[in-house]
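Visitor: got a sequence here, can you build the structure:
(one chain, ligands or ions: 2)
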Amino acid sequence: MSARARHSPTSFHLLAKPTGAVCNLDCAYCFFLSKEMLYPGSRFRMADDLLETYVRQLIEAHSRVPEVTIAWQGGEPTLMGLDFFRRSVELAERHLRPGQRAVYTIQTNGTLLDPEWAAFLREHGFLVGISIDGPRELHDAYRVNKGGKGSFDQVMQGLGHLREAGVEWNALTTIHAANAGRGGEVYRFLRDECRARFVQLIPIIERVAEADGEDTVPWASWRDRPLYVQEGDRVTGRSVTAEQYGRFLIDVFEEWVRRDVGEVYVQLFDVALANWVGEPPGLCVHSETCGLALALEHTGDVYSCDHFVEPRFRLGNVRETHMLELVASQRQRRFGLDKRDTLPRYCRECDVRFACHGGCPKDRFVRTPDGEPGLNYLCAGYKAFFHHVERPMRFMAEQLRHGRAPAELMRVYATEDAHRGRNDHCTCGSGRKWKHCHGAHTPTMASPG
Ligand code: SF4
Ligand code: SF4
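Guide: Ligands and ions are numbered 1, 2, ... in the order given. Now for the predicted structure:
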């Protein structure tokens, strides 16, 4: 191993895509499906010898820490079949050193999961991410199969198998034009009907270039579009706006903060709290720098990030270069540092920069009010959300500093809510009456009398 690799990070995330971009669904907003074009003629199946190389190198690269995360993603990874994953676990167990343990994760659309899959995932303690965008009507707006039909029923069936087997899972919910404005409803669906205890919210921002014309929904399907790359300063009509994103987060927060603190983990709220406390937030998007969440294609090609699987961000191939060298390369270090070093002045002087850190570089394609390029498209939403949660975050951070439970915050809200008039403005800032907005769903308002 080279000197450079010796100075490499002790831990990093690599999302492996054993089927490349191939998926059994045809979600209208999926930026990744078009990446099939990067590998013309490929069978899109990770070869057995590459699987071994990948697992071995990943474990070697984590030799200085007790835990290594083996993460599968797609496309749709379950298309590889269960035997592929059985082999991956066997290989991991063979290569793990004494005292080292593997954490297995898989991100799936859930449609192919059956009781056999569920039993396997449970047996090996997989953490399973299920993509679900809300109740049927909202989920089926874009998450459709190859025939254009909604996938809601199959997803719920797959999820049912996971729950029956006791598999640990989290909901990965994208926010887009169809479910924007319905944050509270989406959250209640995830919590009450899906029984989700971990929720990740991901904004859909599909960039298009001026040359793609005036139509803001230029492609019905990825098959009609060119290779998706992070270029263009316009977005499709499926994308969420910054204001809608901020409102969605606030809606979810107002629901969560009254009954679910300590019970339901909404990733972004945890991340915000970590930044308020001054600890590493655990999510690249709101970290000062990034570059430790890379992607591995079915061929062994390694890219700087899952969102930058495009030729100019290909770092190399694990068949030729040890992945630790690629992760520690000057190019990748620069990629990660650029997140901080390219922030416009508007961000550098922002009062919530410590919580936001300018968001993900892939979304930095608008101008600041004074005309500087490189501002995040979601800025207005980020500002609205981080300002809105300032007081509760400070409270929870203070609780943690004194070794007390952040869930105490719910009592503060309950006391304030008890003194709130039914016709008062709602605390979420929607301008609606409390009784018609979040007041309608608080435990006190819901109780008889
Ligand atoms: S480019 Fe964005 S998604 Fe990729 S590692 Fe950096 S912050 Fe994370
Ligand atoms: S809220 Fe806006 S200005 Fe502030 S750091 Fe985030 S993107 Fe930059």
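
Visitor: quick check, Leu113 in contact with His161.
Guide: Yes. Contact criterion CB atoms under 8 Å: Leu113 and His161 qualify, at 5.2 Å. In this view, the C-beta of every residue, glycine as well, is placed from N, C-alpha and C.

Visitor: counting neighbours, go ahead and name the busier of those two.
Guide: Under the criterion of other CB atoms under 10 Å, the comparison of Leu113 against His161 puts Leu113 first, with 25 against 18.

Visitor: name the element the more buried one belongs to?
Guide: Using DSSP states H and E, Leu113 sits in no helix or strand.

Visitor: could you find the closest non-adjacent residue to it?
Guide: Gly158 (3.6 Å; CB to CB, 6 or more residues apart in numbering).

Visitor: any idea how far that neighbour lies from Glu408?
Guide: Using CB to CB, to the nearest Å, Gly158 is found at 37 Å from Glu408.

Visitor: who has more neighbours, these two?
Guide: Higher neighbour count among Gly158 and Glu408: Gly158, with 25 against 14, using other CB under 10 Å.

Visitor: quick one: buried residues of whatever helix or strand that one lives in?
Guide: Using DSSP H and E, Gly158 sits in helix 152-165. Neighbour-count burial for helix 152-165, counted by 16 or more other CB atoms under 10 Å, picks out 152, 154-156, 158-159, 161-162, 165.

Visitor: which other helices and strands contact it?
Guide: Secondary-structure packing of helix 152-165 (3 or more CB pairs under 8 Å, 6 or more residues apart in numbering; DSSP states H and E): helix 115-123, strand 127-131, helix 136-139, strand 168-175.

Visitor: could you dump these to JSON lines with mean pLDDT?
Guide: Compiled in JSON lines, those are given as follows (pLDDT from 0 to 100):
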{"stretch": "helix 115-123", "mean pLDDT": "98"}
{"stretch": "strand 127-131", "mean pLDDT": "97"}
{"stretch": "helix 136-139", "mean pLDDT": "96"}
{"stretch": "strand 168-175", "mean pLDDT": "98"}
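
Visitor: what would those look like in JSON lines with mean neighbour count and distance to ligand 2?
Guide: Formatted as JSON lines, the helices and strands packed on helix 152-165 follow (neighbours: other CB atoms under 10 Å; distance: least, CB to the nearest ligand atom, whole Å):
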{"stretch": "helix 115-123", "mean neighbour count": "17", "distance to ligand 2": "37"}
{"stretch": "strand 127-131", "mean neighbour count": "22", "distance to ligand 2": "26"}
{"stretch": "helix 136-139", "mean neighbour count": "18", "distance to ligand 2": "27"}
{"stretch": "strand 168-175", "mean neighbour count": "22", "distance to ligand 2": "17"}
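
Visitor: want to throw the ones you listed into JSON lines with distance to ligand 1?
Guide: Output for the helices and strands packed on helix 152-165, formatted as JSON lines (distance: least, CB to the nearest ligand atom, whole Å):
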{"stretch": "helix 115-123", "distance to ligand 1": "25"}
{"stretch": "strand 127-131", "distance to ligand 1": "15"}
{"stretch": "helix 136-139", "distance to ligand 1": "24"}
{"stretch": "strand 168-175", "distance to ligand 1": "14"}
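
Visitor: what comes into contact with stretch 160-174?
Guide: For stretch 160-174, the external contacting residues (CB atoms under 8 Å, 6 or more residues apart in numbering) are 29, 107, 110, 113-115, 117-119, 121-122, 125-134, 159, 179, 186, 190, 194-204.

Visitor: quick check: nearest residue in space to the residue in the stretch 101-250 of the chain positioned nearest to ligand 1, chain neighbours excluded?
Guide: Closest residue of the stretch 101-250 of the chain to ligand 1, CB to the nearest ligand atom: Gln230 (8.7 Å). The spatial neighbour of Gln230 that comes closest, neighbours along the chain excluded (CB to CB, 6+ apart), is Lys362 at 4.8 Å.

Visitor: which residues touch that neighbour?
Guide: Going by CB under 8 Å, 6+ apart, Lys362 touches 205, 230, 305, 307-308.

Visitor: helix, strand or coil for it?
Guide: Here Lys362 is helix, with the state taken from DSSP: H, G, I helix; E, B strand; the rest coil.

Visitor: and it, how far from Phe31?
Guide: From Lys362 across to Phe31, the span is 10 Å (CB to CB).

Visitor: quick check: neighbours shared by these two?
Guide: Common contacts of Lys362 and Phe31 (CB under 8 Å, 6+ apart): His307.

Visitor: okay, now the unreliable bits of the protein?
Guide: Across the chain, residues meeting the criterion (pLDDT under 70) sit at 1-6, 210-227, 443-449.

Visitor: get me the contact residues on it for ligand 1.
Guide: 284-285, 290, 293, 305, 307, 339, 360-362 (CB under 6 Å from any ligand atom).

Visitor: those in helices, which ones?
Guide: With helices defined by DSSP state H, the entries of those inside them are Lys339.

Visitor: which one among the residues of the chain next to ligand 1 gets closest to Arg247?
Guide: Val285 (18.6 Å; CB to CB).

Visitor: now that closest one, nearest residue through space, not along the chain?
Guide: The shortest distance from Val285 to any non-neighbouring residue, by CB to CB, 6+ apart, is to Cys360 (4.7 Å).

Visitor: got it, and Phe126?
Guide: Tyr104 (4.5 Å).

Visitor: what does Ser63 give?
Guide: Leaving aside its sequence neighbours, Ser63 sits nearest to Arg97 (CB to CB, 6+ apart; 6.7 Å).

Visitor: test my guess that the one you found contacts Val65.
Guide: No. If you go by CB under 8 Å, Arg97 and Val65 don't touch, sitting 11.0 Å apart.
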